[in-house]
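**Student:** Give me the fold of what follows.
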Amino acid sequence: MAVSLKVLLIEDSEDDALLLLRELRRGGYDPTYERVDTAEAMEAMLGERDWDIVISDHSMPAFSSSAALRLLRSKGFVDTPFIIVSGRIVEDVAVAAMKAGAQDYLMKDNLARLNTAIERELREAEGRRERRRAEEELKVSETRFRLMIDQSPLSIQIFAPDGRTLRVNHAWERLWGATLDQIPDYNVLRDRQLVEKGVMSYIERGFAGKTAAIPPVRYEPSETIPGVSDVPGRWVRAFIYPVKDAGGAVQEIVLVHEDITERMEAEEKRRKAEEKYRSIFDNAVEGIFQTSVEGRFLTANPALARMFGSDSPEELLESVSSIGDDLYVDAERRAEFDRLIRRDGLVSGFEAQMNRSDGSTMWASISASAVRDADGAVVGFEGTMEDVTRRKQAEQALQEIREAERRRIARELHDIVLQDLTYTLQSMQVLRRISGGGDEETERWIAALKRSVGGLRDAIYDLRLESAREKPLVRSLESIVELNRQLAPEREYELVVHQGFPDSLAGPAALEVVRVVQEALTNVRRHSGASRATVTLERRGEEALVEVEDDGRGLGAETVPGMGLTGMRERALALDGELEVESAEGAGTRVRLRVGLAVLMREGTEYTRA
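**Tutor:** Numbering: from 1, shown residues only. Down below sits the predicted model:
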């Protein structure tokens, strides 16, 4: 069977072109060709389609092979073979053409090597394309690895086998107060502090090709790291491991630090509290308390009194008759505190908004345990309280930064990585069609690319969904519907909000509703074959009704529910709501969620699937 071949002929002689085509057919090719003899005509043909090979005469009245080669490469056809077939060409000109990028040259009166040269150059061109694709994939992989390292919350430091620091991430810079260009002379194998603290033996194991877990140590960076000054010592727990090549030789050594300063300092505080309880109680910067189960303070230290705006612990005890009624901004949070501590015996880091005596509010973080009598009955609570108002404000500011970063990552993944993968997939599919079908290996590559494109789209989808946490429910669903339009432009999506539906619902419960809708629309996009999908929001009495309806193929009577439907039911259960699914084969699907408005208006509660 003849092999199809798309040939762009740069030739001013029609007779010579026919001779070339005859030779190609004799060599087993079925050529599809265009003949041009000017730069303008060649440029037009390059824009019209892709070409397997370009064959050019050397010298023509209005054109030349060197000009044609420059034009071909300037248009981005860097891998397309270019062969010169000329009636006359001196050797030094031919050599110059080869240096400029031509793959071969032949004389018109001797075309015996033509088909052999074409076969060779097509094979080598495919090899060049494969290498280019591999290089691009490697770049993408390296970019992802760099992002993973740079965005890790753990401090990461990478060394050369001789001990020089090659790279650090942002968490390392924050932890040690320096950047890589500030520590050009630092060599971990010459760090005397690591020797003094007994850590060097673990470091040397990593450089010898073995992994090692380094026990907690307090490290003073300003003592041994050049360029680091005025940075307080930090307690760290570290892990070191080597990166080896295929032959087992150590290429790099990775050191990961976990900052455990706060934990170690907390342990130190507890130790001192046991030694000098009364002194710490009176002078502690955090509030310390004991309360009755009814909600009255039994004891309080000065720090707790100041936290609530009282001049003394005695004034605080007199002014507060009910902690739940007088101090908690949201009485339900006090009830939740009571429920958790009775169930688990303690709470840690329980956060609630509190009233102060001057009318202002603050955010407090409470750690407490239940006090029981000899029979095991709860008779009171004791613990500590910390004013975390500034931290909460900082977290809110950080949330905006993270949201912007998520949007940037989603945008870059969509606009760069996804587009490159899609282009590669489409190119391989086109090549498969051109060649009349791919081999088994090519089919596996195409299948892998399809999975990658689908997975990447879902990752972008999830990244964009995270922004729904801080948005009202209606706006979040607008974003989700718009995102599905972008992911599946062949399908119509509509959001219908009935009059009377609250437009300010937000928070963890509302986010769970968004996730149910997201899962339903994902099922529509992936499995339904629908041409349209409608999301409807409606208020019915004290309930919110959320529906997702499509006109797809529906579910058969024997269809087994998948993880998506199971997850939606679990989320509905966590919201004390009801999920109904109506579907018939060939008649579309309707997913209906009913949730109490009181649940959706509740703030500060995280919902997890059962």
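**Student:** Please make it C-alpha for all contacts and neighbour counts, starting now.
**Tutor:** OK.
**Student:** Counting neighbours, what do you get for the residue lying closest to Ala284 once chain neighbours are set aside?
**Tutor:** The spatial neighbour of Ala284 that comes closest, neighbours along the chain excluded (CA to CA, 6 or more residues apart in numbering), is Ala303 at 6.5 Å. Neighbour count of Ala303, defined by other CA atoms under 10 Å: 24.
**Student:** same question, Pro61
**Tutor:** 8.
**Student:** what about it, which SS state?
**Tutor:** coil (DSSP: H, G, I helix; E, B strand; the rest coil).
**Student:** what phi and what psi does the backbone show at it?
**Tutor:** When read as degrees, to the nearest 10, the backbone of Pro61 gives phi -60, psi -40.
**Student:** what do you get for Asp551?
**Tutor:** Given degrees, to the nearest 10, the pair of backbone angles that Asp551 has is phi -110, psi 30.
**Student:** if we can go back for a sec, show the model's pLDDT score for the residue nearest to Ala284.
**Tutor:** At Ala303, the predicted lDDT confidence score is 94.
**Student:** Same check on Tyr461?
**Tutor:** Note for Tyr461: predicted pLDDT of 63.
**Student:** circling back to that earlier point, look up how far Asp52 lies from the residue nearest to Ala284.
**Tutor:** In this view, Ala303 and Asp52 are 80 Å apart by CA to CA, to the nearest Å.
**Student:** Likewise for Tyr219?
**Tutor:** On the measure of CA to CA, Tyr219 and Asp52 end up 63 Å apart.
**Student:** out of the two, which sits in the busier spot?
**Tutor:** For Tyr219 and Asp52, the more surrounded residue by other CA under 10 Å is Asp52, and the numbers stand at 20 against 17.
**Student:** and Arg334, what does it touch?
**Tutor:** 324, 328 (CA atoms under 8 Å, 6 or more residues apart in numbering).
**Student:** My error: substitute Ile434 in the last question.
**Tutor:** Ser4.
**Student:** ok so Leu421 is a strand residue?
**Tutor:** No - Leu421 is assigned helix when assessed by three-state DSSP, not a strand.
**Student:** Read off the pLDDT value for the nearest residue to it once chain neighbours are set aside.
**Tutor:** Using CA to CA, 6+ apart and skipping residues adjacent in sequence, the residue nearest Leu421 is Val453, 6.5 Å away. pLDDT, Val453: 72.
**Student:** What of Thr608?
**Tutor:** As predicted, Thr608 sits at a pLDDT of 46.
**Student:** repeat for Ser467
**Tutor:** 57.
**Student:** now the stretch 101-250 of the chain, which segments are flagged as low pLDDT?
**Tutor:** 142, 145, 227 (pLDDT under 70).
**Student:** Ser321 in helix, strand or coil?
**Tutor:** Ser321 ends up coil, using three-state DSSP.
**Student:** Would you list the phi and psi of the closest residue to it other than its chain neighbours?
**Tutor:** Leaving aside its chain neighbours, Ser321 sits nearest to Arg296 (5.8 Å; criterion: CA to CA, 6+ apart). Dihedral angles of Arg296 (phi, psi; degrees, to the nearest 10) stand at phi -110, psi 140.
**Student:** Tell me the buried residues in the stretch of helix or strand Arg133 belongs to?
**Tutor:** Assigned by DSSP states H and E, Arg133 falls within helix 114-151. Neighbour-count burial for helix 114-151 flags 114-115, 117-118, 121-122, 124-125, 140, 149-150 (criterion: 16 or more other CA atoms under 10 Å).
**Student:** Beyond it, next helix or strand please.
**Tutor:** Counting by DSSP H and E, what follows helix 114-151 is strand 155-159.
**Student:** and that next one, C-alpha only, in PDB?
**Tutor:** Extracted C-alpha coordinates of strand 155-159, given in PDB (Å, rounded to 0.1, in the frame of the first residue of the first chain):
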ATOM      1  CA  SER A 155      11.400  24.300  55.100                       C
ATOM      2  CA  ILE A 156      13.300  22.500  52.400                       C
ATOM      3  CA  GLN A 157      17.100  22.900  51.700                       C
ATOM      4  CA  ILE A 158      18.800  21.000  48.800                       C
ATOM      5  CA  PHE A 159      22.600  20.400  48.900                       C
END
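**Student:** Could you shift the numbering so residue one becomes 19, and keep it that way?
**Tutor:** All set: I'll call the first residue 19, so the last point we hit is now strand 173-177.
**Student:** and the helix or strand following that strand, what other elements does it pack with?
**Tutor:** Per DSSP H and E, the first helix or strand lying C-terminal to strand 173-177 is strand 183-186. Of the remaining helices and strands, those touching strand 183-186 by 3 or more CA pairs under 8 Å, 6 or more residues apart in numbering; DSSP states H and E are strand 173-177.
**Student:** what's the angle from the strand it packs on to helix 132-169?
**Tutor:** 130 degrees (axes from the mean of the first three to the mean of the last three CA atoms, to 10 degrees).
**Student:** Pull the most distant pair out of the buried residues of helix 132-169.
**Tutor:** Using CA to CA, the pair of the buried residues of helix 132-169 lying farthest apart is Leu132 and Asp168, separated by 53.0 Å.
**Student:** one step back: now for the residue nearest to Ser339: which residues touch it?
**Tutor:** Contacts of Arg314 by CA under 8 Å, 6+ apart are 335, 338-341.
**Student:** out of those residues, which are buried?
**Tutor:** By 16+ other CA under 10 Å, the contacts of Arg314 give 335, 338, 341 as buried.
**Student:** Quick check: the nearest residue to the last one once chain neighbours are set aside vs Met380, distance?
**Tutor:** Distances taken as CA to CA, 6+ apart place Gly313 nearest to Ile341, at 5.1 Å, with adjacent residues excluded. In this structure, Gly313 and Met380 are 19 Å apart, going by CA to CA.
**Student:** Please apply the same query to Glu276.
**Tutor:** From Glu276 over to Met380 (counting by CA to CA), the distance is 31 Å.
**Student:** Repeat that for Leu207.
**Tutor:** 49 Å.
**Student:** Looking at the buried ones among the contacts of Arg314, spot the one nearest Arg408.
**Tutor:** Ile341 (22.7 Å).
**Student:** Distance of that closest one relative to Val347?
**Tutor:** 10 Å.
**Student:** and if you look at Lys489?
**Tutor:** 23 Å.
**Student:** Equivalent analysis for Tyr123, please.
**Tutor:** For Tyr123 relative to Val347 (CA to CA), the value is 86 Å.
**Student:** For the two, indicate the residue with more neighbours.
**Tutor:** Higher neighbour count among Tyr123 and Val347: Tyr123, with 23 against 18, using other CA under 10 Å.
**Student:** How is the residue lying closest to the more buried one once chain neighbours are set aside assigned, secondary-structure-wise?
**Tutor:** The shortest distance from Tyr123 to any non-neighbouring residue, by CA to CA, 6+ apart, is to Ile102 (4.3 Å). Under the three-state scheme (three-state DSSP), Ile102 adopts strand.
**Student:** hang on, Ile102 packs against Ser84?
**Tutor:** No - applying CA atoms under 8 Å, one finds Ile102 not in contact with Ser84, separated by 9.5 Å.
**Student:** Please enumerate the shared neighbours of the two.
**Tutor:** His76.
**Student:** Who has more neighbours out of these two?
**Tutor:** Using other CA under 10 Å, the more surrounded residue of Ile102 and Ser84 is Ile102, with 25 against 22.
**Student:** Would you check how far apart the more buried one and Arg587 are?
**Tutor:** 69 Å.
**Student:** Neighbours of Met60, how many?
**Tutor:** Neighbours of Met60 (other CA under 10 Å): 20.
**Student:** give me the element it is part of.
**Tutor:** Applying DSSP H and E, one finds Met60 within helix 57-66.
**Student:** Just name whatever secondary elements that helix is in contact with.
**Tutor:** helix 83-92.
**Student:** Any chance you could list what contacts the helix it packs on?
**Tutor:** 28, 57, 60-61, 64, 74-77, 96, 100, 102, 115, 119-120.
**Student:** coming back round to it: residues touching the residue nearest to Ala302, list them.
**Tutor:** So Ala321 contacts 300-306 (CA under 8 Å, 6+ apart).
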